[in-house]
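**Student:** Got a predicted structure plus its sequence, pasted below:
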Amino acid sequence: MKKSLFTLALLLLVGFHSTAQKVEFEEFDLDNGLHVILHQDNTAPVVITSVMYDVGGKDGDRSRTGFAHFFEHLLFEGTENIERGEFMKIIPANGGTFNANTSQDRTYYYEIFPSNKLELGLWLESERMLHPVIDQVGVDTQNEVVKEEKRQSYENRPYGGLLKTIGENLFEVHPYKDENIGKMEHLDAATLEEFNAYFKKYYVPNNAVLIVAGDIDTEKTKKMVKEYFGAVKKGPEVVRNFPKETPITETKKAVAYDKNIQIPAIIAVYRLPGQATRDAYVLDMISTYLSGGKSSVLQKKLMDEQKQALAVQAVNIPQVDYNIFALFALPLGEVSLETLLAEMDEEIVKMQNELISERDYQKLLNQFENQFVSSNSSIAGIASSLATYYLLYGDVNIINNQLETYRSITRQEIQDVAKKYLSPNQRVEVEYLPKKDDQ
């Protein structure tokens, strides 16, 4: 992740990947275990080829953190058939765009091309999977790239250490405790053999899903997929057995310092059920009710009416094993962090003691319906959703029925979930303070 919690929250609050009309798709598996999902939409001459690998920051030896994010960069270095540095030149030269990103749970690569370049997109992704060149030159080059990214996006950015602080204090045994970008000393110490072993374990067809979406002919695309990916050898099954966290039953307090800030922050974070659970959907609604827009409860109260906060947010950060529900606020003037937290808690207690109003409930449903309509308005959005729901949720058709899930959540259920999870004795409270020269 390359954004602070403050920025990330704004993105996550509108991150419900669905679409107004039914998304038709077709699924099949290659003999090597690669799962393929095709979505045909011939309204525009555009096609996306994307691969999501079931590997993220949580995976691998804890003395070698950051490998998945490192590979996000490394697998653009080149292949046996693509010279070093050419991968990223070929795509724009053919009218395309590309990107990749890594979370704690997965890594996602994609290219968007004019539809007559579909075969090129398939070849590039098959080359990444089949013939990558992982050598010392590439490792050393990308090591410097990652170090610079860490400096710019985390170490020298205001509030850039928020997610790291949350992970360290909210998780004790699960690998979510380690920051996704990893420790630089771990990457420095890693050998070339370790990088190659990591690739062979996780970047195999049976640990991935390929999405082809857009202006395609389905039958021709199937043949091309088999032609380009059929030769990739199946890898060993990835077995995960992460330790379980003990529930938090007493309030934990922590203090962290950031040399890049002048205004302190208060964060209250809860470790909650993973993103595919029904309760996680309810918590999405709770976070949106609290801070989803200027007329939301916390923004209206703390920023507009009482003028106690420069910023306030509630966000439910989705992850496979445990979601992170966070309350975050920056004080205005001399308002104390303690006061801000008490004011936020007051609104949660109201939710726990009484049903939200029918008017607020309908407003929530309208917000989710708008998100539902807009989030998959592009082929790229649809492709990302198809991959995510297959790999991380285990049900591709969530792309079509997610809004119905939100609509089925009642006001009573919102109250019950708030009572169940959002009490002060179930969280970590972090004072995030400016770092002084002598600290």
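**Tutor:** Looks like it came in fine. Residues are numbered from 1 along each chain as shown.
**Student:** which phi and psi does residue 227 have?
**Tutor:** Dihedral pair for residue 227: phi -70, psi -40, per degrees, to the nearest 10.
**Student:** Report how many residues lie close to it.
**Tutor:** Residue 227: 13 surrounding residues under other CB atoms under 10 Å. Where C-beta positions appear, they are placed from N, C-alpha and C, glycine not excepted.
**Student:** Residue 38 - that's part of a strand, no?
**Tutor:** Yes - Residue 38: assigned to a strand according to DSSP: H, G, I helix; E, B strand; the rest coil.
**Student:** Dig out what it forms beta bridges with.
**Tutor:** Beta bridges link residue 38 to residue 26, residue 212 when assigned by DSSP bridges.
**Student:** For stretch 248-266, buried residues please.
**Tutor:** 248, 254, 256, 258, 261, 264, 265, 266 (16 or more other CB atoms under 10 Å).
**Student:** Can you show me the helices along the stretch 151-300 of the chain?
**Tutor:** For the stretch 151-300 of the chain, the helices defined by DSSP state H, counting those that start in this stretch cover 162-170, 184-189, 192-202, 218-229, 278-291, 297-298.
**Student:** Which strands or helices does the first one pack on?
**Tutor:** Translated: helix 162-170. Packing partners of helix 162-170 (3 or more CB pairs under 8 Å, 6 or more residues apart in numbering; DSSP states H and E): helix 5-12, strand 252-258, strand 265-273, strand 322-331, strand 427-434.
**Student:** how about TSV for these, with distance to residue 82 and mean pLDDT added?
**Tutor:** TSV is the format used below for the helices and strands packed on helix 162-170 (distance: least, CB to CB, whole Å; pLDDT from 0 to 100):
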stretch	distance to residue 82	mean pLDDT
helix 5-12	32	36
strand 252-258	41	97
strand 265-273	42	98
strand 322-331	38	98
strand 427-434	44	98
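**Student:** before we move on, back to that, export the buried residues of stretch 248-266 to a markdown table and tack on distance to residue 328?
**Tutor:** Below are the buried residues of stretch 248-266 laid out as a markdown table (distance: CB to CB, whole Å):
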| residue | distance to residue 328 |
| --- | --- |
| 248 | 18 |
| 254 | 14 |
| 256 | 13 |
| 258 | 14 |
| 261 | 13 |
| 264 | 12 |
| 265 | 6 |
| 266 | 7 |
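**Student:** Pick the one among the residues you listed closest to residue 241.
**Tutor:** Nearest to residue 241 among the buried residues of stretch 248-266, counting by CB to CB, is residue 248 at 22.3 Å.
**Student:** Quick check: that closest one touching residue 423?
**Tutor:** No - here residue 248 does not reach residue 423: they are 9.8 Å apart, not a contact under CB atoms under 8 Å.
**Student:** residue ranges with poor pLDDT in this structure?
**Tutor:** Filtered on pLDDT under 70, the chain yields the residue ranges 1-20, 437-439.
**Student:** Please enumerate the strands of it.
**Tutor:** Listed in chain order, the strands of the chain (DSSP state E) span 26-29, 35-40, 46-53, 97-102, 107-114, 208-214, 252-258, 265-273, 309-317, 322-331, 427-434.
**Student:** okay, the ones you listed in CSV with distance to residue 232 next?
**Tutor:** Formatted as CSV, the strands of the chain follow (distance: least, CB to CB, whole Å):
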stretch, distance to residue 232
strand 26-29, 13
strand 35-40, 12
strand 46-53, 11
strand 97-102, 19
strand 107-114, 15
strand 208-214, 9
strand 252-258, 44
strand 265-273, 35
strand 309-317, 33
strand 322-331, 32
strand 427-434, 43
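**Student:** Leaving out chain neighbours, which residue sits closest to the most centrally placed residue in the chain?
**Tutor:** Centrality entry for the chain: nearest residue to the mean C-alpha point is residue 103, 5.0 Å, by CA atoms, centre = their mean. Spatial nearest neighbour of residue 103, excluding adjacent residues (CB to CB, 6 or more residues apart in numbering): residue 56 at 5.2 Å.
**Student:** what's the burial count for that neighbour?
**Tutor:** By the criterion of other CB under 10 Å, residue 56 has 25 neighbours.
**Student:** Hmm, it is touching residue 72, no?
**Tutor:** No - with contacts counted by CB under 8 Å, residue 56 stays clear of residue 72, the gap being 9.8 Å.
**Student:** returning to what we had before: got the helices and strands packed on helix 162-170 as CSV, with distance to residue 392 columns?
**Tutor:** Putting the helices and strands packed on helix 162-170 into CSV (distance: least, CB to CB, whole Å) gives the following:
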stretch, distance to residue 392
helix 5-12, 14
strand 252-258, 28
strand 265-273, 14
strand 322-331, 12
strand 427-434, 25
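**Student:** Looking at the ones you listed, spot the one closest to residue 24.
**Tutor:** Per CB to CB, nearest to residue 24 of the helices and strands packed on helix 162-170: helix 5-12, 27.5 Å.
**Student:** which residues in the stretch 1-150 of the chain form helices?
**Tutor:** 5-12, 67-74, 87-93, 118-130, 136-150.
**Student:** Identify, out of the ones you listed, the most deeply packed stretch.
**Tutor:** Of all the helices of the stretch 1-150 of the chain, helix 67-74 has the most neighbours on average by mean count of other CB atoms under 10 Å, namely a mean of 23.
**Student:** other SSEs contacting it?
**Tutor:** strand 97-102, strand 107-114, helix 136-150, helix 192-202.
**Student:** closest to residue 43 out of those?
**Tutor:** Minimum separation from residue 43 across these (CB to CB) falls at strand 107-114, 14.1 Å.
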